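Novice: sequence isn't available, so here's the structure alone:
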């Protein structure tokens, strides 16, 4: 089953409407599943984001369960993970179900890429990649797989702080289903195949986003012209492309020569059609990025993307205090089905392999 992403929600609630103790100020976004508003919390003198389930889905028990699931997930991860949007309250009233969340004053990665036809600045792309991987690592430790990582769910706020939004179709590692939910453009092949998934499904989606950031939206659409040519059938064309293990995207290094070969190879490994050919965990990916790219213009840790306020800092994501976290989905290990050696350079294999070996040793120290 594929959720209909084109169906329009209701018009929404007017400014001034009260949602619990919060007041709606303006509508921010419309989607097939929800409406998002900017609201105001007078008791704490702060703006909030208010997400309302769309009226045409309000009587769907399965969707309501997923809506509540998002609130529970965000509450579980807590406010100690700076890369994940925190939740303030779940409000149920006659005119709908609402999640009141942290308001991020900024723009989505989707908006940024739409405004920038060419490749994004590589330092900015690295910051997004590193910070999202850190946030997802925290979610995976808590036993949560996002399953719908896409540019519109990555928010870049003031000071360049990166936030992951919309855990509405997320799943726990103990309860995977074969239902296809979310956006097919960035979805891992194993989801379409109805296989049991783990954090490597999010790895694939993030790799696809990194690929798009580093070659640019225009070039991306050119490469995938056969897929995006018909909006009405695009979702199913993406399912077909992701599910076909015999077709792969050309390496970034062949499209954008300004990108370092190692970064191109890392993204290529993230986009492997088989989960076993990707990095085992987001932690392994984050370690590689931090180790080999923190000297490229800006440090990856402690300094945000230079968009608005250059002095604001961001700390590395950690599980919330008091939350009993699950063990990593699998042991740290070098993927058992790597991409063909003719595609990855020898230097990249040495670096990637070394990072995975270090991860194995670290895991042994922690789990032993």
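Specialist: Alright, I've got the coordinates. Note that this is a predicted model, so its numbers are computed, not measured.
Novice: ignoring the adjacent residues along the chain, who's closest to the residue most central in space within the chain?
Specialist: Centroid-nearest residue in the chain, with Cα atoms, centre = their mean: residue 149, separated by 3.2 Å. Nearest in space to residue 149, with sequence neighbours left out and distances taken as Cβ to Cβ, 6 or more residues apart in numbering, is residue 205 at 3.9 Å. Quick note: C-beta positions are derived from backbone N, CA and C, even for glycine.
Novice: hang on, the one you found packs against residue 185?
Specialist: No: the pair residue 205 and residue 185 fails to qualify as a contact (Cβ atoms under 8 Å) at a distance of 9.2 Å.
Novice: where does this structure have low pLDDT?
Specialist: When residues are selected by pLDDT under 70, those of the chain lie in 1-10, 32, 58, 70, 78-80, 168-182, 294-368.
Novice: so the residue nearest to the centre of the chain touches residue 164, yeah?
Specialist: Yes: in this structure, residue 149 is within contact of residue 164 by Cβ under 8 Å, at 7.5 Å.
Novice: overlap in contacts of those two?
Specialist: Taking Cβ atoms under 8 Å, 6 or more residues apart in numbering as the contact rule, residue 149 and residue 164 both touch 132, 136.
Novice: quick check: closest non-adjacent residue to residue 97.
Specialist: Among residues not flanking residue 97 along the chain, residue 53 sits closest, at 4.6 Å (Cβ to Cβ, 6+ apart).
Novice: now swap in residue 193 and tell me
Specialist: Nearest non-adjacent residue to residue 193 (Cβ to Cβ, 6+ apart): residue 243, at 6.7 Å.
Novice: show me what contacts that neighbour?
Specialist: Counting by Cβ under 8 Å, 6+ apart, residue 243 touches 189, 192, 193.
Novice: okay, now the domains of the chain?
Specialist: With automatic domain parsing as the criterion, the domains of the chain are listed as 18-102, 106-367.
Novice: quick check: residue 291 vs residue 213, distance?
Specialist: In this structure, residue 291 and residue 213 are 20 Å apart, going by Cβ to Cβ, to the nearest Å.
Novice: any of the contacts of residue 243 buried? List them.
Specialist: Judged by neighbour count, with 16 or more other Cβ atoms under 10 Å as the criterion, the buried members of the contacts of residue 243 are 189, 192.
Novice: residue 258 reaches residue 122, doesn't it?
Specialist: Yes: taking contact to mean Cβ under 8 Å, the distance of 7.1 Å between residue 258 and residue 122 places them in contact.
Novice: between the two, which one's more packed in?
Specialist: Of the pair residue 258 and residue 122, residue 122 is the one with more neighbours under other Cβ atoms under 10 Å, namely 18 against 9.
Novice: identify the residue spatially nearest to the more buried one, adjacent ones excluded.
Specialist: On the basis of Cβ to Cβ, 6+ apart, the spatially nearest residue to residue 122 that is not a chain neighbour turns out to be residue 259, at 6.3 Å.
Novice: so how many other residues sit close to that neighbour?
Specialist: Going by other Cβ under 10 Å, the residues that sit close to residue 259 add up to 19.
Novice: with residue 261 instead?
Specialist: Applying other Cβ under 10 Å, we find 15 other residues in the vicinity of residue 261.
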